[in-house]
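Engineer: Provide a 3D model corresponding to the input given below.
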Amino acid sequence: MMRNSPLRTSRVPLFLLALTLLSTLLATYLTSRSVQRDEQGRFRSEVATLKGLIERRFAAYEDVLNGVRGLFVASEDVGRRQFATYADSLELRRRYPGIQGLGYSRTVRTAELEGFEKQQVARGDKNFAVYPQSVREVYQPVTYLAPLDNPNRVTIGFDMFSEPRRRAAMNAARDDGKTVATESVILTQEQFERDKQQGFLIYTPLYNPEAVLFTRLQRRAALRGFVYIAFRVEDFIVGIDGLTGKGVGFELFGSEKPDHAVFLYRSYAPGDALERYTQDATLEVSGRTWLVRAGTLKGFVEPAPWSTVWVVLVSGLLISLLIFSLSSAQSRARLQAETMSSRLQSSQSALNRARAEFETMFSAMADVAVLFNKNGQVIRSNAALWNTFGLNPERFKGHPIEDLYAEARPERASRFRADYRRVDGTQFPGETHRSAVYSSTGEIVGYVEIIRDITETLAADAALQNALNMQRTFLAETSHELRTPLTGVLGYLRQALRASENSPAAKPPLEDAIRVGESMSRLVADLLQLSRGEMVQEHIPHFVDLSKLVEQVARDHKIRSRIEDPELETIGDPSRLNQMLANLIGNAIRVCGDPNMVWVRAYRASKSQVALEVVDCGPGIPDDLKARIFEKFYRGKEAGSAGLGLTISMQIARAHGTAISVHDTPGGGATFRILLDALTDDDDV
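Structural biologist: Sure, this is the predicted structure:
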C-alpha cells in the first residue's frame with residue numbers, strides 16, 4: 001500500500017485552507033458583485049427616472065406652446081388682454097414651475113416697423129419700442145409676455161433676432177416648422193440681477209392659416225411670428241418634482257459633449273464628487289440634444305446590503321480557520337502515526353540487518369565463538385568450533401561450556417589464557433575474551449566467549465625473544481670489545497695533551513681527537529644500555545652556547561653552518577647535544593653521499609625557544625616513514641649504519657624535554673628540527 005510522504009501529508013491542511021479561502025473570496029466577490037449589480041440597477045433606474053422627468057416636463061411645455069399656437073390660429077388678431085387672460089388661465093407659476101415667461105413675438109419687416117410700434121402704442125403700451133435700434137431686414141420683437149411682472153416688463157420690445165443664439169433657434173424652428181430650443185443664454189430679465197443664471201428659450205413658429213407649408217421658402221414666406229417660453233435653468237430643474245435627492249447627482253450640458261462652454265447646471269455642491277457609479281445620458285430637448293452626466297453621491301450607498309458582504313467574508317474566514325485547524329490536527333495525528341510506523345519498520349529493518357550482520361560475522365570468524373546462558377549451557381556456536389575442537393556446532397547446543405576446557409574454567413575473568421581439549425583428547429593453549437550479553441532492561445542473560453588458538457603465537461614469541469637475546473648478547477660483547485681500546489686511545493691522547501702544553505699548535509687537534517673519542521665512548525655506553533633495554537638517560541645540565549656548539553659540530557663534519565643569532569643560549573648537556581647533532585649530521589651525510597649537501601642552522605624560533613636544524617638536499621623521507629626512522633635498528637635503503645643513531649638522538653632530545661620533528665626541505669630533502677627552551681634572566685646556571 002502506498003503511503004503519503006510527510007511533506008504531502010503536511011500540505012493537505014494548507015491545501016484545504018487555500019481552497020476554503022479561495023471559496024470565501026469567491027463567495028465574497030460574488031456577493032459584492034450582486035450588491036453592485038443591485039446598486040447599478042438602482043442607479044440606472046434613477047438615471048432613467050431623471051431623464052424621463054426632464055423629457056416629460058419638456059413635453060408639457062411644448063403642449064403649452066401648442067395651446068398658445070392654437071389660440072393664435074383660432075383668432076386672426078389676438079390682443080394683449082386676450083393673451084394675458086389665456087396665460088392666467090394656465091396658472092403658469094403653480095402648474096408649470098420654472099417658466100420665467102410665456103410670450104409672443106410678431107415677425108416685423110423693416111417697412112412695417114414704424115407702423116407696428118404705433119399700433120402697439122395705440123393698443124395701450126405707451127412705452128413700446130423695438131430695441132436695440134438698428135436697421136435689419138426682419139425683426140422679432142417681444143410683443144406679449146406673461147406674467148407681466150417687473151423683470152418681464154423690461155423684455156417687451158426686445159428684438160430677439162438681434163442675438164445670435166436666439167436667432168439661430170428661431171430660424172431652425174421657422175424652417176422646420178417644429179419647436180426648437182436655444183443654446184444657453186442669459187435672459188434679458190437677468191440683466192439687472194447680480195447672480196445671473198443660465199437660461200434658454202423654446203420657440204414654436206406661427207404661420208398664416210391659409211398658407212401652403214411644404215417647403216422652407218413657403219414656411220419663411222408664411223411666418224407670422226413665434227410663441228415661446230423663457231426658462232432659467234436652475235428654476236427649471238428645481239421645479240421638477242422628484243428630480244433631485246436619493247443620492248444621485250447630475251450635471252446638465254447644452255450639447256452632447258460635456259464642454260464647460262455649454263454647462264447649464266449642477267445638482268450637487270462643487271466640493272462634492274461623484275462616486276462609485278457614473279453614467280452619461282442624452283436628452284432630446286425641442287430639437288436639441290442635451291447631455292446629463294449622472295453619478296452617485298455619498299448617500300446613495302446603503303450600508304445594509306454591504307453588511308451582507310462582510311458577513312460572508314468573516315463567516316468564510318472563520319470556517320476556513322476551523323477547517324484548517326481540524327485538518328491540521330488530523331494531519332499531525334496521521335503524520336505521527338506514520339512516523340511511528342516508519343520508525344518501527346526502520347527499527348525492525350535495522351534489527352534484521354544487525355542480525356544478518358551478526359550471523360555473517362559470527363559464522364565467518366576464524367576464532368571460536370560460543371554463546372551460552374547464565375547456567376553455562378551452550379546456545380549456539382560458529383563453524384570455527386569444528387575446525388578447532390572437532391565438534392559439530394549444532395550437536396554441541398545444550399552442552400556445558402566447561403566441556404571445552406582441559407582444566408577448571410576461570411569464572412570471573414574477562415580475558416585469560418587456558419588449556420583446551422579437542423574432541424580427540426589433545427590439548428592446545430588458547431586465549432579467551434569473555435563478554436556479558438544484556439537484555440533490553442539491562443539484565444545479564446548470558447555470555448559469549450571468543451577462543452583463539454595461540455599455539456603459533458607462543459612459538460613466534462619464543463623465537464622473537466630468542467632473537468632479541470642474541471642481539472643483546474651481540475651488542476653487549478661488541479660494546480665491551482670497543483670500550484677497552486677506546487679507553488687506551490683516550491689515555492694516550494690525554495697524556496699527549498699534557499705533554500703538548502709547550503706546543504700550542506699541537507694542542508687543538510689533540511683536544512678535537514679527545515672530544516671525538518669521548519663521543520665514541522658515550523656511543524659505546526649507549527649501545528650497551530640499549531642492549532639491556534634501557535633508555536639513554538645520562539644528562540648533566542650546563543649553560544650551553546648553541547652558536548659555538550653548532551660551529552664546532554659543523555667544523556668537525558666539514559659542513560656549512562648558519563647562525564642567525566649569535567646570542568643563542570640554553571640549559572642542557574653540551575656533550576649530549578653535540579652527540580645528537582653529530583648523529584643527525586652523520587645520518588644526513590650518509591644518505592646524501594656528499595657533505596656539501598648538508599648544513600646545520602641555529603636561530604631563535606620565538607621569545608622563549610631556540611631552534612636547531614640539520615638540513616639536507618637528499619632524496620627526502622616519505623610521510624609514512626617519518627615516525628619509524630627513530631625506531632631501534634631501523635635502516636633505510638642505505639647501508640653502513642647499525643640503525644641506532646636516530647634512536648639515540650631522539651632519546652637525547654627527550655631527555656632535554658623536547659623531540660625531533662622531521663619536515664620536507666623546499667626543493668627536496670629532509671629537515672630535522674629540535675626546539676629547546678631559550679635561556680632567560682631568571683635561569684640560574
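
Engineer: for the stretch of helix or strand Arg654 belongs to, buried residues please.
Structural biologist: Arg654 is located in helix 645-655, with elements delineated by DSSP states H and E. Of all the residues in helix 645-655, those buried under the rule 16 or more other C-beta atoms under 10 Å are 645-653, 655. C-beta: built from backbone N, CA, C; applies to glycine.

Engineer: identify the farthest-apart pair in the residues you listed.
Structural biologist: Pairwise distances across the buried residues of helix 645-655 (C-beta to C-beta) peak at 15.8 Å, for the pair Gly645 and Ala655.

Engineer: on that earlier part again, which neighbouring elements make contact with the helix holding Arg654?
Structural biologist: helix 507-531, helix 574-592, strand 660-664 (3 or more C-beta pairs under 8 Å, 6 or more residues apart in numbering; DSSP states H and E).

Engineer: mean confidence score for it?
Structural biologist: Helix 645-655 comes out with an average pLDDT of 87.

Engineer: got the CA positions of it in CSV?
Structural biologist: In CSV, the C-alpha atoms belonging to helix 645-655 read as follows (Å, rounded to 0.1, in the frame of the first residue of the first chain):
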residue,chain,number,x,y,z
GLY,A,645,71.9,6.9,15.6
LEU,A,646,68.5,8.4,15.2
THR,A,647,67.1,6.4,18.1
ILE,A,648,69.8,7.7,20.4
SER,A,649,69.3,11.3,19.1
MET,A,650,65.6,11.1,19.9
GLN,A,651,66.3,9.8,23.4
ILE,A,652,68.7,12.7,24.0
ALA,A,653,66.1,15.2,22.7
ARG,A,654,63.5,13.8,25.1
ALA,A,655,65.9,13.9,28.0
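
Engineer: could you give the angle of that helix to strand 660-664?
Structural biologist: Going by axes from the mean of the first three to the mean of the last three C-alpha atoms, to 10 degrees, helix 645-655 is angled at 120 degrees with respect to strand 660-664.

Engineer: is it true that Leu243 lies in a helix?
Structural biologist: No - with DSSP: H, G, I helix; E, B strand; the rest coil as the criterion, Leu243 is assigned coil and is not in a helix.

Engineer: so it versus Phe116, what's the distance?
Structural biologist: 41 Å (C-beta to C-beta, to the nearest Å).

Engineer: do the same with Thr360
Structural biologist: In terms of C-beta to C-beta, Thr360 sits 138 Å off from Phe116.

Engineer: the two: which is more packed in?
Structural biologist: Counted by other C-beta atoms under 10 Å, Thr360 and Phe116 do not tie: Phe116 has more neighbours, with 18 against 10.

Engineer: can you pull the pLDDT of that one?
Structural biologist: 92.

Engineer: relative to Tyr144, how far out is it?
Structural biologist: Phe116 is 13 Å from Tyr144, by C-beta to C-beta.

Engineer: Thr282 now?
Structural biologist: 34 Å.

Engineer: tell me what Phe428 is bridged to.
Structural biologist: Tyr420 (DSSP bridges).

Engineer: tell me which of the helices and strands packed on helix 645-655 is the most buried.
Structural biologist: helix 574-592 (a mean of 22; mean count of other C-beta atoms under 10 Å).

Engineer: that helix: what's the following helix or strand?
Structural biologist: Assigned by DSSP H and E, the successor of helix 574-592 is strand 598-604.

Engineer: helices or strands up against that following strand?
Structural biologist: helix 546-557, strand 560-563, helix 574-592, strand 609-616.

Engineer: give me the sheet partners of that strand and which way each runs.
Structural biologist: strand 560-563 (parallel), strand 609-616 (antiparallel).

Engineer: which among those strands is found nearest to Ser307?
Structural biologist: Using C-beta to C-beta, the nearest of the strands paired with strand 598-604 to Ser307 is strand 609-616, at 88.3 Å.

Engineer: could you pull up phi and psi at the closest residue to Glu190 other than its chain neighbours?
Structural biologist: Sequence neighbours aside, Lys196 is the residue nearest to Glu190 in space, at 4.5 Å (criterion: C-beta to C-beta, 6 or more residues apart in numbering). Dihedral pair for Lys196: phi -80, psi 140, per degrees, to the nearest 10.

Engineer: ok, Lys196 touching Val185?
Structural biologist: No - in this structure, Lys196 is not within contact of Val185 by C-beta atoms under 8 Å, at 10.5 Å.

Engineer: tally of neighbours for the residue nearest to Glu190?
Structural biologist: Lys196, neighbours per other C-beta under 10 Å, totals 13.

Engineer: do the one 3 residues further on as well
Structural biologist: Burial of Gly199 is recorded as 22 neighbouring residues (other C-beta under 10 Å).

Engineer: mind listing what it touches?
Structural biologist: 100, 184-187, 190, 230-233 (C-beta atoms under 8 Å, 6 or more residues apart in numbering).

Engineer: just the buried residues of the residues you listed.
Structural biologist: 100, 184-185, 187, 190, 230-233.

Engineer: which two among those residues are spaced furthest apart?
Structural biologist: Going by C-beta to C-beta, the pair spanning the buried ones among the contacts of Gly199 furthest: Gln100 and Ser184, at 13.7 Å.

Engineer: could the buried ones among the contacts of Gly199 be laid out in a markdown table, adding distance to Gly79?
Structural biologist: Listed next are the buried ones among the contacts of Gly199 as a markdown table, based on distance: C-beta to C-beta, whole Å:
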| residue | distance to Gly79 |
| --- | --- |
| Gln100 | 23 |
| Ser184 | 33 |
| Val185 | 29 |
| Leu187 | 25 |
| Glu190 | 28 |
| Ala230 | 21 |
| Phe231 | 26 |
| Arg232 | 28 |
| Val233 | 32 |
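
Engineer: let me know the closest of these to Leu493.
Structural biologist: Among those, and counting by C-beta to C-beta, the member closest to Leu493 is Ser184, at 145.3 Å.

Engineer: please report phi then psi for that closest one.
Structural biologist: phi -60, psi 140.

Engineer: cool, Lys51 as well?
Structural biologist: phi -60, psi -40.

Engineer: so what pLDDT did it get?
Structural biologist: We have a pLDDT of 88 for Lys51.

Engineer: same thing with Asp683?
Structural biologist: At Asp683, pLDDT is 58.

Engineer: likewise for Ala111?
Structural biologist: 92.

Engineer: which secondary structure state does it sit in?
Structural biologist: helix.

Engineer: how far away is it from Leu223?
Structural biologist: For Ala111 relative to Leu223 (C-beta to C-beta), the value is 16 Å.

Engineer: show me which of the two is the more surrounded one.
Structural biologist: Under the criterion of other C-beta under 10 Å, the comparison of Ala111 against Leu223 puts Leu223 first, with 23 against 7.

Engineer: grab the nearest non-local neighbour of Gly657.
Structural biologist: Spatial nearest neighbour of Gly657, excluding adjacent residues (C-beta to C-beta, 6+ apart): Asp677 at 7.1 Å.

Engineer: what about that neighbour, distance to Leu612?
Structural biologist: 12 Å.

Engineer: also Gln140?
Structural biologist: Counting by C-beta to C-beta, the gap from Gln140 to Leu612 is 136 Å.

Engineer: can you check Leu675 too?
Structural biologist: For Leu675, the distance to Leu612 (C-beta to C-beta) stands at 8 Å.

Engineer: neighbour count: the two, which is higher?
Structural biologist: Leu612 (27 against 20).

Engineer: and stretch 314-333, which residues are buried?
Structural biologist: Within stretch 314-333, the residues that count as buried by 16+ other C-beta under 10 Å are 316, 320, 323-324, 327-328, 331.

Engineer: what's the closest non-adjacent residue to Gly225?
Structural biologist: In space, Gly225 is closest to Arg106, 4.2 Å off (C-beta to C-beta, 6+ apart).

Engineer: and the pLDDT for that neighbour?
Structural biologist: For Arg106, pLDDT reads 95.
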